[in-house]
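K.L.:
After the sequence you'll find the predicted model.
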Amino acid sequence: MKSYDFKFLTNEERKPFIHAVLDFDGVPEAGRLGYLMRTCKLSRYMAQRLLNGYVPRYAFKIFDITDALDVDWEWLIVGSARRYHPRTLRIHLLQINYYSKEATDQMVRLMVGVCAGHKKALNLSNLAVDGKMSMLSAARLF
């Protein structure tokens with residue numbers, strides 16, 4: 001069994017991830033607190049803390065929040081994810097890495113190909129993982 005060393009995001013590092021989800025969902029700045037309160041069933045205090053990058057201490061509440069926002073829990077806590085979660089990948093590429101919609105669509109298409117076991121997608125993604133080409137270049141070739 002593999003052991004994984006997690007380096008948790010600091011509150012300041014996590015804050016852009018929370019705001020990236022809200023930006024992706026088109027939630028205006030003025031409505032973010034209410035949106036988190038309704039969507040995640042949080043108190044005003046907890047919603048405000050979440051907007052500032054703080055997450056609850058209880059793991060089950062974190063899972064409730066990530067389920068409500070439909071993002072990968074590991075991405076929100078650690079900043080990266082080991083499993084493929086299409087919405088989280090889209091948010092990360094568009095809002096955190098600032099790729100264009102076209103480039104994001106190409107990379108998501110490549111990842112879907114990898115998940116489906118498409119040989120060309122697997123070979124291209126392996127080249128990207130090995131550092132022999134960028135993920136965007138691999139996606140454009142797929």
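P.N.:
Done, it's in.

K.L.:
Pop the domain breakdown of this protein in here.
P.N.:
Per the record's domain assignment (automatic domain parsing), the chain is made up of the domains 11-82, 99-141.

K.L.:
okay, the ones you listed in CSV with mean neighbour count and distance to residue 90 next?
P.N.:
Glycine gets a C-beta too; all of them are placed from N, C-alpha and C. Output for those, formatted as CSV (neighbours: other Cβ atoms under 10 Å; distance: least, Cβ to Cβ, whole Å):
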stretch, mean neighbour count, distance to residue 90
domain 11-82, 16, 7
domain 99-141, 16, 6
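
K.L.:
right, so of these, which gets closest to residue 89?
P.N.:
In this view, the domains of the chain are compared for proximity to residue 89 by Cβ to Cβ, and domain 99-141 is the closest at 6.0 Å.

K.L.:
check contacts around residue 35.
P.N.:
Contacts here follow Cβ atoms under 8 Å, 6 or more residues apart in numbering; on that basis residue 35 touches 22, 25, 27.
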